[in-house]
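Q: What shape does this take:
(one chain, ligands or ions: 1)
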Amino acid sequence: MTDEIMLTTCPRDCYDACGIEVSLRDGAIRRVRGDLHHPVSRGRLCRKCATAYNGVLLDPRARLLTPLRRDGPKGSGRFTPVSWDEALDEIARRLTAVAERPGAHTILSAHYTGTFALLGYHFPNRFLRRLGAREVDPDTICNKAGHVALEYLYGTSLDGFDPRTAADAACILVWGANPSATAPHQHEHWLPEAPGRVIVVDSVRTPTARQADLHLQPFPGSDAALAFAIAHVIRRDGLLDGGLLAGHAIGWEELEPHLERCTPGWGERVTGVPAAAIEQAARWYGTGPSLLWIGQGFQRQPRGGNAVRAVAQLAALSGNLGRPGTGFLYLNGAGNRMLDEDYVAGAHLPGSPPDPISHMDLAGCLEDPQRSRALLCWNINIAASNPDQARLRRALARTDLFTVAIDLFETDTTDLADVVLPAASFLESDDLVASYFHLSLGAQVKVIEPLGQSLPNTEIFRRLAAATGLDDPGLQEPDEQVIAEVLRRTGLGIDFASLARQGTIWVHPEPRVQFPGLRFPTPSGKIELASGRAEADGHPRVPHPHADPRPADGRLRLLTPASPWLLNDSFANETRLARRIGPATIAVHPADAAERGLAPGDRARARSSAGELELTVALSQDLPRGVAFAPKGRWPRLEAEHANVNVLNPGTASDMGASTTVHGVEITLARVPSG
Ligand code: SF4
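A: Sure thing, here's the model as predicted:
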């Protein structure tokens, strides 16, 4: 008997957007694997998805199969299965009551990238917008500081280089990204196959840094200073693009004086990167043509917005813009595939939602009954992912806060909900996927029926709209109609059936040049090295060569980046991955461990201003002195202390965008006596 093969696309929060091949027999999934013919996945998924997509995602014992209503104290995990009608009636009754008094502005909508597919991510906002709920600005948990910084400088953060132009680049500078964990196919294929030299800037000697031609390892929080030292060499060595600065940028005369003192020797003292390496990086990058991949790690710092402005301006100073083999990439937004996200999110529908709040303010907002009476969590597990974890959990336990959590699995957040709704997986609905790296468009194809009574986000929110009596036809638009309209608006002349047959298409037949004609969507139409908008928002007009002070009094700077085995907060409940990862660890440099009397395998207690957590000690020569490293993504409900590393994060907001500063946390680390 031969298997039926269906193609689909991975919709996770990941640069790669792999093509997937699903084998079915008698309508049941036999295997989910990478599409051999897909130019990114080349037959292999990452190890986390290869495991989870063939494991927990298909396991009816692990998945939520029916709506649940709480029948014990909040957080007790005691729920009773109820019908969809019962669940929707209760949600509608409670939300309607809150909307009447004290008002819909006290209904919060928290969401992020549990799925990054177009409809699954955006369509629920139609209902929430119409309801008048207050959104928790999704990017503030991740990358908002970088978005704001790039908006000031170039007028956009969502129009990156076309990765295919790497063939024309003499140098690729990867700054603050770790593709070996977060873009595995770029680590395995794209970077090694690029003809140019690769420079990696990362505080950790990651596998990607190890395979680079040059690795610069600044102390966390000193990226802006390092960028200025590189800019100093570019200017000193005649690598400035005077024509571009004169004709297509404003503010060079304000910026230039700040470069004077930022010599390579100064850079070495401030950042820890050897002066010779700074000189080398400046020459390779400045000579070009060069690409600049601006990662999201280094902007999760107290001055992260300033750091992104400082790094991103290197492309302008050296003229690495507007021609093949040049440009920068933060994210490639769906807009440069002509996908109309605003339409999917319902911007055309009536409604004027209140101003959003930041995820950094969520715990404070949720503990205040004047500001919050109801909460809808979808595509996110805030009790695991958010800062100020202990305070947030206490706030979520408020009996007068009505919480609805939508998920595929029981999570820390569903544990604290009043009503839980079961979501379908990406294998159970049609959708569209736009990689935020490659300029591709993929079909997410319904391969099987949703497990149990689970439903796609779109159908859940259509039912919520109907139950609450919101009767705008736009709230009931079926998926196939939304998808057809989105594809029609692209002007690509492709329908969903054709896209599904192909799996993924490259929207632009030839590699696209970023900023052709050197026109920029800023108010001036030029690169704004000095920004009046930044100044109006209370920031300096030009970025500064800032470096955070080093931790004092025996403290360590804590980095909690992505694990190669987990995807943000997805998959921690996959037992094979959990076995592979083992207990929660904290790695430090051997000299830092020796100073504290720590040996590998010891238990140690990390303490910050926000909380404390016991972890298993590991040693790593890949870290600078003064830095501790504990990957994120574990679920508190599966940990002994019912907490993960986010319990250490006080939730301080960044300089721009009120965004996370999770890599700016300082801790002490002390051995826990055994026995
Ligand atoms: S998470 Fe990324 S690397 Fe893994 S399968 Fe999905 S797209 Fe591919």
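Q: Distance check, residue 351 against the ligand.
A: Remark: distance between residue 351 and the ligand (CB to the nearest ligand atom, to the nearest Å) = 33 Å. No exception for glycine: its C-beta is placed from N, CA and C like everyone else's.
Q: Same question for residue 558.
A: 25 Å.
Q: Can you tell me which helices and strands the helix or strand containing that residue packs against?
A: Per DSSP states H and E: residue 558 is located in strand 556-559. Helices and strands touching strand 556-559, by 3 or more CB pairs under 8 Å, 6 or more residues apart in numbering; DSSP states H and E, are strand 627-629, strand 666-671.
Q: what about residue 609, neighbour count?
A: By the criterion of other CB atoms under 10 Å, residue 609 has 11 neighbours.
Q: can I assume residue 255 sits in a helix?
A: Yes: per DSSP: H, G, I helix; E, B strand; the rest coil, residue 255 lies within a helix segment.
Q: Now for it, how many residues are close by?
A: 21.
Q: measure it to residue 332 for me?
A: Distance, residue 255 to residue 332, by CB to CB, to the nearest Å: 27 Å.
Q: The strand holding residue 558: what's the following helix or strand?
A: In N-to-C order, the element after strand 556-559 by DSSP H and E is helix 575-581.
Q: what's in contact with that following helix?
A: Contact with helix 575-581 is made by 48, 51, 52, 55, 56, 563, 565, 566, 571, 572, 638, as judged by CB atoms under 8 Å, 6 or more residues apart in numbering.
Q: One more pass at 7 Å, please.
A: 48, 51, 52, 55, 563, 565, 566, 571, 572 (CB atoms under 7 Å, 6 or more residues apart in numbering).
Q: repeat for stretch 130-145
A: With CB under 7 Å, 6+ apart as the test, stretch 130-145 has contacts from 95, 99, 104-105, 107-112, 128, 147, 296, 299, 304-305, 308, 349-351, 353-354, 356-360, 362, 385-386, 470, 472, 475, 654-660.
Q: so how far is the first residue of that stretch from its last?
A: In stretch 130-145, first residue to last residue: 28 Å (CA to CA, to the nearest Å).
Q: Which positions in that stretch come out as buried?
A: 130-145 (16 or more other CB atoms under 10 Å).
Q: Can you give the distance from it to the centre of its chain?
A: Its chain's C-alpha centre and that of stretch 130-145 lie 13 Å apart, by CA atoms, centre = their mean, to the nearest Å.
Q: looking only at pLDDT, what's the mean for it?
A: Stretch 130-145 carries an average pLDDT of 98.
Q: Which strand or helix spans residue 436?
A: Short version, using DSSP H and E: residue 436 is in no helix or strand.
Q: Around it, how many other residues sit close by?
A: 20.
Q: Give me the nearest residue to it, chain neighbours excluded.
A: Nearest non-adjacent residue to residue 436, counting by CB to CB, 6 or more residues apart in numbering: residue 331, 4.4 Å away.
Q: Report the secondary structure state of that neighbour.
A: When classified by three-state DSSP, residue 331 comes out as coil.
Q: Counting neighbours, what do you get for it?
A: Residues near residue 331, counting by other CB under 10 Å, number 20.
Q: Please renumber the chain so that the first residue is 164 from this point on.
A: Sure, I'll start numbering at 164, so the last one becomes residue 494.
Q: Give me the below-cutoff pLDDT ranges for this structure.
A: 838 (pLDDT under 70).
Q: got the residues of it near the ligand?
A: Counting by CB under 6 Å from any ligand atom, the residues of the chain lying close to the ligand are 173, 175, 177, 179-181, 204, 208-209, 212, 347-348, 730.
Q: which residues does residue 191 bridge with?
A: Beta-bridge pairing for residue 191 (DSSP bridges): residue 188.
Q: Tell me how far it lies from residue 216.
A: For residue 191, the distance to residue 216 - CB to CB - is 14 Å.
Q: what's the answer for residue 364, then?
A: 33 Å.
Q: What's the end-to-end length of stretch 353-373?
A: Using CA to CA, one end of stretch 353-373 lies 15 Å from the other.
Q: mind listing what's buried in it?
A: For stretch 353-373, by 16+ other CB under 10 Å, it's 353-354, 357, 359-372.
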